[in-house]
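Colleague: sequence first, predicted model second:
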Amino acid sequence: MYGAIARQEWELANQLQTEHPNARGELLHWDLISDEHQPVARDPQQALRAKVTLELEEARRRIELVATMPELSRDLIREYRQVQLRAGGASVYLSDQAEVHARLQDLIGDARCEIFAAQPGGPRERDVLEMAIARDTAALDRGVQIRTIYRDTVRDHALTAEYARTMSARTTGRPARYATLVGDFERMIIVDREYAFISDHIVAGSPPHAAWLVKDPAVVAVLAQQFEASWQWAQPWTGELRTRGGVDTVSSVDGVRTDRQQRGIMRYLCAGESQAATARKLGFSKRKLEEEIAVLKARWGVRTLNELIFQYALSPDRMVDDGAPEGLPRPRRTAAA
């Protein structure tokens with residue numbers, strides 16, 4: 001059709017128009033011909049350049065739309081759940097374990113800011129931990145803060161300790177944070193201070209894994225405050241197994257997350273030396289020391305220097321004997337050992 005118009009072969013052009021009714025419209029849409037009874041063929045290079053520009057602009061708009069979809073999905077889900085909250089009551093009883101896990105997975109998958117978990121059940125089974133690693137890793141990679149309180153007995157359980165070491169020593173995204181408490185406390189999981197899962201204490205004869213999904217803002221706020229109070233009393237834990245005679249009997253070097261140079265920095269800071277004095281004694285520039293401290297803060301998931309010193313003082317790293325040959329750190333035994 002374009003060739004016939006360019007050559008002004010109107011009989012052929014009319015024949016092609018009859019056989020292909022959409023052809024003329026396409027040529028007009030691409031701006032390859034003028035809109036006249038006997039159209040004029042236009043320069044195809046110019047027309048196609050203009051078409052390419054339009055198509056690229058449309059593609060850019062579509063890419064931008066697709067990029068907004070995950071956030072849009074989260075916003076829509078949040079709005080829908082708010083409506084469900086107002087329409088369907090403040091709490092939902094979940095008796096089936098599979099349903100509890102499914103609702104929990106959905107909420108954790110949508111978490112934006114923080115997840116609190118109080119787990120008084122003691123050591124975890126391997127299948128539970130493997131499922132938790134995948135779920136929690138995705139949340140941490142999104143920048144979600146995860147804090148978990150376990151019963152003190154997990155400090156004697158190698159599998160749970162390995163899980164805590166893995167998750168708290170992450171170097172990408174956020175690391176998870178753990179603490180332990182002696183004695184009983186209530187089971188709860190709180191997501192973004194908007195939703196909470198708690199054990200059932202109402203339904204007679206309910207199965208062990210029955211739970212309530214609590215949506216009432218006032219109740220969730222109280223539960224979050226209870227968790228924060230327990231967190232303050234709990235002892236920080238990064239997966240080191242309980243020590244025997246001052247030595248971590250199982251995790252040993254595997255529980256250590258610093259190198260010799262970083263431990264040197266921390267020893268000076270724990271001794272009360274200023275950053276300027278620490279840099280001078282180690283032969284560092286101020287900038288080099290600040291970079292190392294930033295790495296250490298990220299490793300423990302803390303923001304301030306005081307928090308870093310506190311976490312280091314409770315870690316197995318403080319027990320490493322750096323008098324050993326380079327590359328062979330070992331826990332320092334106490335005199336009793």
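Modeller: Yep, that arrived.
Colleague: quick check: which element contains the closest residue in space to Leu289 that isn't next to it in sequence?
Modeller: Once flanking residues are discounted, Leu289 sits nearest to Ala279: 4.2 Å by Cβ to Cβ, 6 or more residues apart in numbering. Bear in mind the C-beta positions are built from the backbone N, C-alpha and C, glycine included. Ala279 belongs to helix 275-282 when assigned by DSSP states H and E.
Colleague: ditto for Thr180
Modeller: Thr180 is located in strand 177-181, with elements delineated by DSSP H and E.
Colleague: got it, and Phe116?
Modeller: Going by DSSP H and E, Phe116 is part of strand 114-119.
Colleague: helices or strands next to that strand in the packing?
Modeller: On a contact count with 3 or more Cβ pairs under 8 Å, 6 or more residues apart in numbering; DSSP states H and E, strand 114-119 meets strand 145-151, strand 188-191, helix 217-233.
Colleague: quick check: angle from the next helix or strand after it to strand 145-151?
Modeller: Downstream of strand 114-119, the next assigned helix or strand under DSSP H and E is helix 126-141. Angle of helix 126-141 versus strand 145-151, following axes from the mean of the first three to the mean of the last three Cα atoms, to 10 degrees, is 150 degrees.
Colleague: which residues does helix 126-141 contact?
Modeller: For helix 126-141, contacts defined as Cβ atoms under 8 Å, 6 or more residues apart in numbering pick out 105, 108-109, 111, 115, 124, 146, 159-160, 163, 166-167, 170, 172-176.
Colleague: list the buried ones in that helix?
Modeller: By 16 or more other Cβ atoms under 10 Å, the buried positions in helix 126-141 come out as 129, 132, 135-137, 139-140.
Colleague: phi first, then psi, for Asp200.
Modeller: Main-chain torsions, Asp200, degrees, to the nearest 10: phi -80, psi 130.
Colleague: what's the neighbour count on it?
Modeller: 16 (other Cβ atoms under 10 Å).
Colleague: same question, Trp30
Modeller: Going by other Cβ under 10 Å, the residues that sit close to Trp30 add up to 16.
Colleague: go on, Gly121?
Modeller: 13.
Colleague: helices of the stretch 151-300 of the chain, start to end?
Modeller: All helices of the stretch 151-300 of the chain, identified by DSSP state H, counting those that start in this stretch, fall at 158-168, 217-233, 260-270, 275-282, 286-300.
Colleague: of the ones you listed, flag the one that's most buried.
Modeller: Of these, the one with the most neighbours on average (mean count of other Cβ atoms under 10 Å) is helix 158-168, at a mean of 21.
Colleague: what is the rounded mean pLDDT of it?
Modeller: Mean pLDDT, computed over helix 158-168, is 88.
Colleague: reformat the helices and strands packed on strand 114-119 as CSV; add distance to Gln46 and mean pLDDT.
Modeller: CSV is the format used below for the helices and strands packed on strand 114-119 (distance: least, Cβ to Cβ, whole Å; pLDDT from 0 to 100):
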stretch, distance to Gln46, mean pLDDT
strand 145-151, 56, 93
strand 188-191, 57, 95
helix 217-233, 61, 93
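Colleague: nearest to Asp31, of the ones you listed?
Modeller: strand 188-191 (54.2 Å; Cβ to Cβ).
Colleague: ok, and what's touching the closest one?
Modeller: Contacts for strand 188-191 (Cβ under 8 Å, 6+ apart): 104, 107-108, 110-111, 114-118, 196-199, 220, 223-224, 226-227.
Colleague: send the alpha carbons of the helix holding Ala279 over as PDB?
Modeller: Extracted in PDB, the C-alpha atoms of helix 275-282 (Å, rounded to 0.1, in the frame of the first residue of the first chain):
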ATOM      1  CA  GLN A 275      37.900   6.800  69.200                       C
ATOM      2  CA  ALA A 276      40.800   9.300  68.600                       C
ATOM      3  CA  ALA A 277      43.000   7.400  71.000                       C
ATOM      4  CA  THR A 278      42.000   4.000  69.700                       C
ATOM      5  CA  ALA A 279      42.800   5.100  66.100                       C
ATOM      6  CA  ARG A 280      46.200   6.500  67.200                       C
ATOM      7  CA  LYS A 281      47.200   3.400  69.100                       C
ATOM      8  CA  LEU A 282      46.200   1.100  66.300                       C
END
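Colleague: report the angle between it and helix 260-270.
Modeller: Using the same axes, to 10 degrees: helix 275-282 against helix 260-270 is 140 degrees.
Colleague: helix 275-282 - contacts with which helices or strands?
Modeller: Looks like helix 275-282 contacts helix 260-270, helix 286-300 (3+ Cβ pairs under 8 Å, 6+ apart).
Colleague: just give me the neighbour total for Ser73.
Modeller: 11.
Colleague: what about it, distance to His101?
Modeller: Going from Ser73 to His101 by Cβ to Cβ, to the nearest Å gives 21 Å.
Colleague: how about Ala90, what does it touch?
Modeller: So Ala90 contacts 214-216, 219 (Cβ under 8 Å, 6+ apart).
Colleague: got a pLDDT number for it?
Modeller: At Ala90, the pLDDT recorded in the model is 74.
Colleague: from Thr304, how far off is it?
Modeller: 37 Å.
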